[in-house]
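Trainee: Predicted structure and sequence below. I'll ask about it afterward.
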Amino acid sequence: PYEVKEIVDYHEPSSLTNYDLDSTRYIHDFKKLIVPLSTHDDDTAFFDGFMVYNIDVDEGIQHVGNITHADRNAASLDNRNAQLPSYIMMFNESIITTKGKTVVKSGGLDLLNEDWIVNLGDE
């Protein structure tokens, strides 16, 4: 293998991919890479979820959307302290992701619309 392209994000993100390769998934049939990512810059950005990229030899790597598990306005702002592993499952063309305290079902890789979200931290 060899590096074709590198992506740099300036929001100082952190990803479990460095420590847990099972938390990242490449879906060959759709040429999509799904990566768990968190940004916790207090001034400009807060995101905890997964970023989805198109992977194509000719067109390169393109960010196509997010699967959000927590954002600045979410009640699950303390998602980082929860117990669910970052994990991606695919059933038919639906994606189910777990991260922090939430489980999200997204409709499909092309639309990335959120069908439902369950916050396991809610009482």
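Mentor: Structure's in. What do you need?

Trainee: Okay, buried residues for the helix-or-strand element of the chain with minimal mean pLDDT please.
Mentor: Here the helix or strand of the chain ranked lowest by mean pLDDT, DSSP states H and E is strand 32-41, holding a mean of 81. For strand 32-41, the buried set under the neighbour-count rule, 16 or more other C-beta atoms under 10 Å, comprises 32-39. Quick note: C-beta positions are derived from backbone N, CA and C, even for glycine.

Trainee: Out of those, the closest to residue 48 would be?
Mentor: For the buried residues of strand 32-41, the closest approach to residue 48 (C-beta to C-beta) belongs to residue 38, at 4.7 Å.

Trainee: before we move on, the earlier item: ok and the next helix or strand after the least confident helix or strand of the chain relative to strand 32-41, angle-wise?
Mentor: Downstream of strand 32-41, the first helix or strand assigned by DSSP states H and E is strand 45-56. On the basis of axes from the mean of the first three to the mean of the last three C-alpha atoms, to 10 degrees, strand 45-56 is oriented at 160 degrees to strand 32-41.

Trainee: doesn't residue 67 make contact with residue 50?
Mentor: Yes - using C-beta atoms under 8 Å, residue 50 and residue 67 qualify as a contacting pair, with a distance of 4.2 Å.

Trainee: can you dump the C-alpha coordinates of the least confident helix or strand of the chain into CSV?
Mentor: Listed next in CSV are the C-alpha coordinates belonging to strand 32-41 (Å, rounded to 0.1, in the frame of the first residue of the first chain):
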residue,chain,number,x,y,z
LYS,A,32,-17.1,5.3,1.6
LEU,A,33,-14.9,5.6,4.6
ILE,A,34,-16.5,6.3,8.0
VAL,A,35,-14.3,7.6,10.7
PRO,A,36,-15.1,8.4,14.3
LEU,A,37,-14.1,12.0,15.1
SER,A,38,-14.4,14.5,17.9
THR,A,39,-13.6,18.2,17.9
HIS,A,40,-13.8,20.0,21.2
ASP,A,41,-12.6,23.5,20.4
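
Trainee: And that strand, what does it pack against?
Mentor: Contact here means 3 or more C-beta pairs under 8 Å, 6 or more residues apart in numbering; DSSP states H and E; on that basis strand 32-41 packs against strand 25-27, strand 45-56, strand 60-71, strand 94-100.
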